[in-house]
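Engineer: Fold the following for me, if possible:
(chains A, B and C)
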Amino acid sequence: MHNPAGIAPPFSCYSHGASASANARWLHVSGQVGVTPDGVVSPDPKKQIELAWDNLLAVLADAGMGMADLVKVDGFITQAEMVPLYRQERERRFAGHAAATTMVIVAGLAEPNLLVEIQAVAAR
Amino acid sequence: MHNPAGIAPPFSCYSHGASASANARWLHVSGQVGVTPDGVVSPDPKKQIELAWDNLLAVLADAGMGMADLVKVDGFITQAEMVPLYRQERERRFAGHAAATTMVIVAGLAEPNLLVEIQAVAAR
Amino acid sequence: MHNPAGIAPPFSCYSHGASASANARWLHVSGQVGVTPDGVVSPDPKKQIELAWDNLLAVLADAGMGMADLVKVDGFITQAEMVPLYRQERERRFAGHAAATTMVIVAGLAEPNLLVEIQAVAAR
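Structural biologist: Numbers count the residues shown, from 1 in each chain, chains lettered A, B, ... in the order given. You can find the predicted model right below:
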């Protein structure tokens, strides 16, 4: 993890940079959304964020990786009001593993009922 | 490709996760847009999507890679109505190679006449 | 760097594709914003872009990398009017090292006063 002393610290729980060793296997995780295994999307932003994380971790696990292997996590949210919720859940999931991150507010996602999408890159 | 059984299947033709072997050479492709070799941008969304794919594949080829090496494909579109068109063309180009993907609707691209931009990561 | 002859040249100073050797160490840099070391955000777009670059390069340096190791640089800006400014500063910083890039206009960033966010991937 890279957090140089000369610049402002991260706004919340993440690192300014993250790298992996030269011989790592890299995994790219598609943007995960807040959908249950049977396809239900809750209108509640908090529920969607939690489910997107559940799904992201399931993909990591399927590739033989876990939270400690996350290098970068990108969040796309549709409402500025979701920023604190998004950060809280990210910090809760990171549980001390501060990967690199980017988060932007987008004009929309693939379906009108989706409020958040989270993609990731991991290496092991 | 990683599509764990415990979560909802992908919404369309892509994989939830994609990885490459540890000793792969990685290529990052800049956001490609629907511009012809002589600089013309059609106002037709479908034409732009097709051309962006043509350009993306030309960059892959220049790096000695092809469709089978695509690990992640990200689409940025400017209109929610383009989602079905975007997915159709992606599925057609994938032709069975379901890479990981993310697609979001953005507020705009580098020029007002651009409706779609597609970037990619590939490994071989 | 990959700029195939058969497609339109890049719109500004960047390459259509960039790759690194198979045994490279990869660094992911979080979205950097225009904040001073003591947390001040100027309302001036040009100042924010310059500071975001300063911060990005500080993260690169902290990882033992520099401009020549940049493979991909992604810009998220909140105003279409910032495109020329964004490109000018990117070209100035690149100083001939044309990495791959993507730039999109987003609906917003993590705080209302932020106008630009720049993330990067580097390899050495």
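
Engineer: Spatially nearest residue to residue A:66, not counting backbone neighbours?
Structural biologist: With Cβ to Cβ, 6 or more residues apart in numbering or on different chains as the criterion, residue A:66 has its nearest non-adjacent residue at 5.8 Å, and that residue is residue A:60. Bear in mind the C-beta positions are built from the backbone N, C-alpha and C, glycine included.

Engineer: just the strands in chain A please.
Structural biologist: A:17-19, A:26-33, A:70-77, A:100-105, A:116-123 (DSSP state E).

Engineer: Relative to residue B:21, which of the ones you listed is closest?
Structural biologist: Nearest to residue B:21 among the strands of chain A is strand A:26-33 (9.4 Å), distances taken as Cβ to Cβ.

Engineer: so the longest helix along chain A versus strand A:116-123, what angle?
Structural biologist: As assigned by DSSP state H, the longest helix anywhere in chain A is helix A:45-62. Per axes from the mean of the first three to the mean of the last three Cα atoms, to 10 degrees, the angle that helix A:45-62 makes with strand A:116-123 is 20 degrees.

Engineer: List the buried residues in helix A:45-62.
Structural biologist: Across helix A:45-62, burial judged by 16 or more other Cβ atoms under 10 Å in any protein chain shown covers A:45-46, A:48-60, A:62.

Engineer: Repeat that for stretch A:69-88.
Structural biologist: Buried residues in stretch A:69-88, defined by neighbour count with 16+ other Cβ under 10 Å: A:69-78, A:82-83, A:85-87.

Engineer: That stretch and chain C in contact?
Structural biologist: Yes: using Cβ under 8 Å from any Cβ of the partner chain, we find that stretch A:69-88 touches chain C at A:71-72, A:78, A:80, A:83.

Engineer: Once you drop chain neighbours, what's closest to residue A:29?
Structural biologist: In this structure, residue A:29 finds its nearest non-sequential neighbour in residue A:120, 4.3 Å apart by Cβ to Cβ, 6+ apart.

Engineer: Ok, residue A:118 next?
Structural biologist: Per Cβ to Cβ, 6+ apart, closest to residue A:118 is residue A:52, 4.6 Å.

Engineer: What does the pLDDT read for that neighbour?
Structural biologist: Per-residue pLDDT puts residue A:52 at 98.

Engineer: for it, what are its contacts?
Structural biologist: Residues in contact with residue A:52, defined by Cβ atoms under 8 Å, 6 or more residues apart in numbering or on different chains, are A:32-34, A:116-118.

Engineer: mind putting these in a markdown table, pLDDT and neighbour count included?
Structural biologist: Shown next, in a markdown table, are the contacts of residue A:52 (pLDDT from 0 to 100; neighbours: other Cβ atoms under 10 Å in any protein chain shown):
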| residue | pLDDT | neighbour count |
| --- | --- | --- |
| A:32 | 97 | 25 |
| A:33 | 97 | 24 |
| A:34 | 97 | 26 |
| A:116 | 98 | 28 |
| A:117 | 98 | 23 |
| A:118 | 98 | 29 |
